Structure formats: C-alpha cells, structure tokens
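J.: Here's my sequence, what's the structure:
(one chain, ligands or ions: 1)
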Amino acid sequence: MLDKAPDGKMSDLLNALDKALSGGEVERAVDLFQTDCYWRDLVTFTWNIKTMEGKEQVRDMLKARLADTKPSNWKIAEGEDASETDGIIESWIQFETEVARGFGHMRLKDGRIWTLLTTMSELKGHEEPLGFDRPMGAKHGAERNRKTWKEEREAEAAELGYSRQPYCVIVGGGQGGIALGARLRQLNVPTIIVEKNERPGDSWRKRYKSLCLHDPVWYDHLPYLPFPRNWPVFSPKDKIGDWLEMYAKVMELNYWGATECKKASYDQKSREWTVIVQRDGKDVVLKPKQLVLATGMSAKPNIPKFEGMDIFKGDQHHSSQHPGPDKYKKAVVIGSNNSAHDICAALWEAGADVTMVQRSTTHVVKSDSLMELGLASLYSEQAVQSGMTTAKADLIFASLPYKILHEFQIPVYNAIRERDADYYKRLEKAGFLLDYGDDDSGLFMKYLRRGSGYYIDVGASELVANGSIKLKSGVDVKKLTEHSVILTDGTELPADLVVYATGYGSMNGFAADLISREVADKVGKVWGLGSNTIKDPGPWEGEQRNMWKPTQQEGLWFHGGNLHQSRHYSQFLSLQLKARMEGIPTPVYGLQKVHHLS
Ligand SMILES: Cc1cc2nc3c(=O)[nH]c(=O)nc-3n(C[C@H](O)[C@H](O)[C@H](O)COP(=O)(O)OP(=O)(O)OC[C@H]3O[C@@H](n4cnc5c(N)ncnc54)[C@H](O)[C@@H]3O)c2cc1C
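T.: Below is the predicted model of the structure:
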C-alpha cells in the first residue's frame, strides 16, 4: 500500500466520515473509530458537554442525533496540516452542522479515530461581529436628533431590567460572570450581571492581602482581550481586580454592582424566572428566561463546627474572610491547602507566631516545576514563541478525554517528584503529610475531581520545612477555649487568631440559598468527574458535573472555574444560551443524572 503522508491519511478518514455521516450510515461511521475511542462533544451534536466513550456510546449518540445535526464538510482545518508522532496522526479539523460551524481535533491510531473533539465555533446567521464584520461605531451621514454612542449606552442601561427585560441574568460578577457577560454581549443576548460587591474585581480585592494568582499569565487571559505582553507572570490580586473592572467597562457589560440577588423562582408555565435583586436599597424584579449562577466554585465557605467556638475571645474566620496578618501575634490556621499556606506565610512575614494544623495529606508542587513540566508546552512564553495560541492550547487540553487524562498527568508528576525529591524529603522530615493524588496524577486531576487538596508552592513550603511555620500534622481540633485551640493529641496552642482554611462547598448550595433546597437537590452536586477518588464519588460522569451545560432544572446554569475554564467554557455556554434565545431547537442528548446532592 502507498505510504501516504499524514495529511493524506487524515483527509481519507475525514472523507470517509463525511460520507458515512451525510449518508446517515451510523454503522459505517462507527467502524471508523477505534474500540477504545473517545468523542468529546462541546455542544455541536449533543447540545451538551459530553464525552462518548467507546463505540457503543458513539453509536447511541449518532443514532439519536445524526438526523437532526446533519453534519457535513469534514476536512483538515484551513491553513493546518496533519502531523504524525509515535504512530499517532493528529490534526485540527473543521466541519459544519445544520445550524453551526464547528472546529475540532482528531487523533488517529492504526488508521482509526482514537480521540475526536468537536466544538461549536458559531451559529450560522448569528456570527459575532468580528474582523470584516466589526461594527462601524460612528454613523456617517447626517440625521436629526441622532444619539451618540454614550447616549445609547446610557439609554440601554436605564431601560434594561426596568422597561425591558434581559434574556439572561448572571448572578455573580467575578471573572466568570464577566467573561460570560462579554461573550453574550457579542452575541447580542440582553444580559444583566448582578454582583453584590460594589465594583468588578472586588471578589479578588477582598481576599487576603498577599494573594496573587497561582496560575501564570498565559493561562489566565480573558476572552477577546488578552493581557498585554508586559503583564506580570503572576498577577497580584488587586491588579487582576483592576483588569476585571476595566474589562467590564470596555466590553460594555450591563454590570449591576452593589446589587444582591435575594431570591429566584422559576415558572414552568411561562418558562421564565422571577429574580428579586436589591439595588440602591430597593427591590428590583427581573424576569429573564435564563439564570446563570456564576457565584464562584471557591466561594461557599465550609466552616467546621468545633466546641468552644462561641467562647473563643480572639478573631476567628474562614480563609475567604481573613483580612490579613497585621494585628495578630499568635495564629492557628486549620487546613493545609493553598489558602492555608498563603495565610500562614503572610502571618509569619508580619511577625506572628503561626501554627498550621494539617489534618490529612496535601499535594504540594513547586510553582516553577509546575510551570516547566506541567504547563510549558501549552501555556508559557516558549509556547507563544513557537506559535501556540491561547485558543489552540485550550482546545488541545480539551481534546484529552477525562477518562484517560490521568494517564497523561502521571508521568508529569513522576518527573516532578524525581526532580524535587530533596525538597519533598525535607517537607516530610518536618512532619508534613504529602500525597500526589489518589493515583499519583497530581494537581490538575485533583482540581478537576474535587477542586481542593493541594498547594502550588510560591514560598510557604520552605517556611514549613525549616520550622518557621510550625506544623501539627495528623491531628484535628478537639475544641477551642477562650484563648487557645486544643488539638486531639492534647496539644494546647495559645491563639489570638484562628483561620479556618477549610475550603468550599458545592455550588448548588447557592441554588439552595437563592432558589430552594428542592431545586438544589434536583440539580445535585456541582463539580467533579465521578472518579471514585477522595471527595469525588462515583459513578463516572465523564464530564464535570453541572458545569457550563444544561442541568436538571430548565433555565438554570452554573458557570465558573479558574480563569482558563471560564474563558474556554463561556464560549460554549454563551452559544447554548444564544441558540435558545433565537428559538433554534436544542434537544439535549445525555442530560446528566443526579447521584449526589452536595
Ligand atoms: C486562594 C485562592 C487562590 C486562587 N488562585 C487562582 C488562580 O491563580 N487562578 C485562577 O484561575 N483561579 C484561582 N482561584 C480560583 C478562583 O476562585 C477563581 O478563579 C475565581 O475567583 C472564580 O471566579 P468566579 O467568577 O467563578 O467566582 P468569584 O470570583 O468567587 O465571584 C463570584 C461572585 O459572585 C458574587 N455573588 C455571590 N452571591 C451573590 C448574590 N446572591 N448576589 C450577587 N452577587 C453574588 C460574589 O460577590 C462574587 O463576586 C483561586 C481561589 C482561591 C480561593
């Protein structure tokens, strides 16, 4: 047989797929897949975020969705070439459906599809006004009583939510709500973002004063408007706050600061929400069709209950409310993840005597090692120099199915363990309890599975290793007295401050607060993959529970995650909302079942 270059092999496969799918021949299409195949679809076929694992699931999905979707024009993406490494041929691909244009990625193993990513780029007839289609801005010509851009913006701001209802209300104006709001604005979906803090960026400004982003700049861009090339690698929290404030303004978002959402209820008949918000001291009733909770997945504090909390005379607060180290002399920080480390280090810098109480193991990884071994190929200056764009990096990451993602991660963290072996030994010698994830797959899997259990070391671990931050590990708090914390091993730690760095609860807790317990239980736990590892109970879900996709409650959506996820998934959530607004049929395939309430 002729040895065709990767382009030829990929094109042959795409032509065969095109032919099978346009002919409605499901079996012929399924035959083009490997036995251990993965098809991850972001909205194009399923109107859902869903991974089909194995031929049977691919077959079931195609049987249910092929006739409606009418895919066509499968080809190697314009300007791209396929490549071959270690027998795997891969390429960027493009295709169309009846209603949308799609972009994706395909990997072939032994001439058949191993991984396929299909994502929706745009809805036909509802494209974003970009490039050649950008708005004119100025209206040339002459017209009596014409309005300026400013007057039009002011008129919109005055009427939206009062004389004209928004199609969508986003509760929470952190970076998640802001990124989604920007995309919806470009898609012309009337939206109000409701934020209880005064200004965009306050959710960062109000955190403890030493906080900087733990992820580097290349990972953190917002949609449309990347950080400039001289932006620092790790943004200090107040600087990211200012960027968000600027962004909300220039992206022309209808951002209602100092406005708290108090209550929301859904009318099944009118398929409309009633959302009560308090703005300028007055209740305003909003009637959107879609309600997005972007209230933060690290935002609903888990506060433990210990005997004696009511009699403790010093200050005690959850890490999210910790103001900073300045006025304390003896501090006890309960917990050993990111916030605990940052807060302990800041207290030590301010001269306090600080003890960290570590109840169970923590995964620690040096920031440098994570950047060089974990992120550099996709998100780094070297990656930028070699032509990697943020959009492509996001899509490559998305193209690795969650079911096998840990297999790609384990070697990375093994290499980090080897490189930093002395460092880990010193931490263990200080009594620190380490883990590397349930299956040694490290930080990112922990984040996706449970959103906790790790520290990206930006300096505090050295203080733990050399004893500057005192450590009590393998113990819990027994009780508090008026001036101390007593641990389960009998140790008494005098304290004028106790910080509970004990993490955050599932986002459906916000649905319970704002809508009802019944709706919170109906949609179930938010976040996690069902990996059956600690804090991520099975069964296997294949995607993150309830994030950026339809939930069991019509018209209710959850959005958020880190800056990378908010940037990437806001595209697919915005397209799902736009399609609904335009009345495009959006039959959801494989709506997730609920297995856990929180
Ligand atoms: C210590 C720490 C370090 C982190 N470091 C990073 C990092 O380096 N990189 C990264 O990407 N992520 C990081 N994160 C995760 C971080 O939480 C998210 O990236 C980011 O804050 C999430 O944005 P968000 O908009 O989803 O939520 P948030 O920023 O939490 O915003 C939610 C908003 O909802 C508002 N809200 C809640 N309820 C209501 C209501 N009823 N009415 C009106 N408004 C309401 C809140 O006031 C808040 O402003 C870190 C988190 C923590 C805790």
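J.: Would you mind measuring from A421 to F103?
T.: For A421, the distance to F103 (Cβ to Cβ, to the nearest Å) stands at 42 Å. The way it works is simple: take the backbone N, C-alpha and C, and place the C-beta from them, glycine included.
J.: Look at the two and report which has more neighbours.
T.: Neighbours per residue, other Cβ atoms under 10 Å: of A421 and F103, the larger number sits with F103, 20 against 10.
J.: Remind me what the helix or strand harbouring I193 packs against, helices and strands.
T.: Using DSSP states H and E, I193 falls within strand 191-194. Secondary-structure packing of strand 191-194 (3 or more Cβ pairs under 8 Å, 6 or more residues apart in numbering; DSSP states H and E): strand 168-171, helix 175-186, strand 255-256, strand 259-267.
J.: Format those as a markdown table; extra columns: mean pLDDT.
T.: Listed next are the helices and strands packed on strand 191-194 as a markdown table, based on pLDDT from 0 to 100:
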| stretch | mean pLDDT |
| --- | --- |
| strand 168-171 | 98 |
| helix 175-186 | 98 |
| strand 255-256 | 98 |
| strand 259-267 | 98 |
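J.: which parts of this structure sit against the ligand?
T.: Taking Cβ under 6 Å from any ligand atom as the measure of proximity, the chain contacts the ligand at 171-177, 194-197, 203, 211, 213-215, 260-261, 294-296, 298-299, 338-339, 514, 560, 562-563.
J.: mind running it again at 5 Å?
T.: Listed as neighbours of the ligand in the chain under the rule Cβ under 5 Å from any ligand atom: 172, 174-176, 194-197, 203, 213-215, 260-261, 295-296, 298-299, 339, 560, 562-563.
J.: Make a PyMOL selection of whichever of the residues you listed turn out to be buried.
T.: To isolate the buried subset of these in PyMOL, counting by 16 or more other Cβ atoms under 10 Å, use the following:
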select buried, resi 172+174+175+176+194+195+196+197+203+213+214+215+261+295+296+298+299+339+560+562+563
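J.: what's the span of stretch 489-503, first residue to last?
T.: The stretch stretch 489-503 measures 23 Å between its terminal residues, going by Cα to Cα, to the nearest Å.
J.: still on that earlier bit, distance from the chain centre to the strand holding I193, please.
T.: On the basis of Cα atoms, centre = their mean, to the nearest Å, strand 191-194 is displaced by 19 Å from the centre of the chain it belongs to.
J.: Strands along the stretch 1-150 of the chain, start to end?
T.: According to DSSP state E, counting those that start in this stretch, the stretch 1-150 of the chain carries its strands in the segments 33-42, 49-53, 72-76, 83-85, 88-96, 100-109, 112-123.
J.: want to throw the ones you listed into CSV with mean pLDDT?
T.: Supplementary listing: those in CSV, determined by pLDDT from 0 to 100:
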stretch, mean pLDDT
strand 33-42, 98
strand 49-53, 98
strand 72-76, 98
strand 83-85, 96
strand 88-96, 98
strand 100-109, 98
strand 112-123, 98
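J.: Looking at these, which is nearest to V477?
T.: Nearest to V477 among those is strand 49-53 (39.4 Å), distances taken as Cβ to Cβ.
J.: Sheet-wise, list the partners of that closest one with their directions.
T.: With DSSP bridges as the criterion, the sheet partners recorded for strand 49-53 are strand 33-42 (antiparallel).
J.: Residues in contact with the partner strand: which ones?
T.: Counting contacts by Cβ atoms under 8 Å, 6 or more residues apart in numbering, the residues outside strand 33-42 that touch it are 48-55, 57-58, 61, 109-110, 112-120, 398-399, 401, 403-404, 572.
J.: V277 contacts P288, correct?
T.: No - under the criterion of Cβ atoms under 8 Å, V277 makes no contact with P288, lying 11.0 Å away.
J.: re earlier: buried ones in the strand holding I193, by neighbour count?
T.: Residues of strand 191-194 classed as buried by neighbour count (16+ other Cβ under 10 Å): 191-194.
J.: Contacts for that strand next, please.
T.: Residues from elsewhere that reach strand 191-194 (Cβ under 8 Å, 6+ apart): 160-161, 166-173, 177-178, 181, 184-185, 248, 253-256, 259-261, 275, 277, 286, 288, 294.
J.: Just the buried ones out of those residues, please.
T.: Applying 16+ other Cβ under 10 Å to the contacts of strand 191-194, the neighbour count classes 160-161, 166-173, 177-178, 181, 184-185, 248, 253-256, 259, 261, 275, 277, 286, 288, 294 as buried.
J.: From W114, how far off is T85?
T.: As defined by Cβ to Cβ, T85 lies at a distance of 13 Å from W114.
J.: neighbour-wise, which of those two wins?
T.: Neighbours were tallied for T85 and for W114 using other Cβ under 10 Å; the higher tally belongs to W114 (20 against 9).
J.: List phi and psi for the residue of the chain positioned farthest from its centre.
T.: Most distant from the centre of the chain: R144, at 47.7 Å, with distances by Cα atoms, centre = their mean. Reported as degrees, to the nearest 10, the phi and psi values for R144 are phi -70, psi 150.
J.: tell me the contacts of the closest residue to the ligand within the stretch 351-500 of the chain?
T.: Going by Cβ to the nearest ligand atom, the ligand is nearest to I456 of the stretch 351-500 of the chain, at 7.7 Å. With contacts defined as Cβ under 8 Å, 6+ apart, the neighbours of I456 are 214, 338, 365, 367, 370, 443.
J.: Show me where the stretch 451-598 of the chain has its helices.
T.: Listed from the start of the chain, the stretch 451-598 of the chain has helices (DSSP state H, counting those that start in this stretch) covering 460-465, 508-514, 517-523, 563-581.
J.: got the buried residues for the third one?
T.: It stands for helix 517-523. Of the residues in helix 517-523, those scored as buried under the neighbour-count criterion (16+ other Cβ under 10 Å) are 519-523.
J.: Let me have those in TSV, extended by pLDDT.
T.: TSV is the format used below for the buried residues of helix 517-523 (pLDDT from 0 to 100):
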residue	pLDDT
V519	98
A520	97
D521	97
K522	97
V523	97
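J.: Which of the residues you listed sits closest to the ligand?
T.: Compare each of these with the ligand using Cβ to the nearest ligand atom and the shortest gap goes to A520, at 13.9 Å.
J.: Which pLDDT value belongs to the closest residue to the closest one other than its chain neighbours?
T.: Leaving out its chain neighbours, the residue that sits closest to A520 by Cβ to Cβ, 6 or more residues apart in numbering is A512, at 3.7 Å. The predicted local confidence for A512 comes out at a pLDDT of 96.
J.: likewise L2?
T.: What the model reports for L2 is a pLDDT of 47.
J.: Please apply the same query to G437.
T.: Model confidence at G437, given as pLDDT, is 96.
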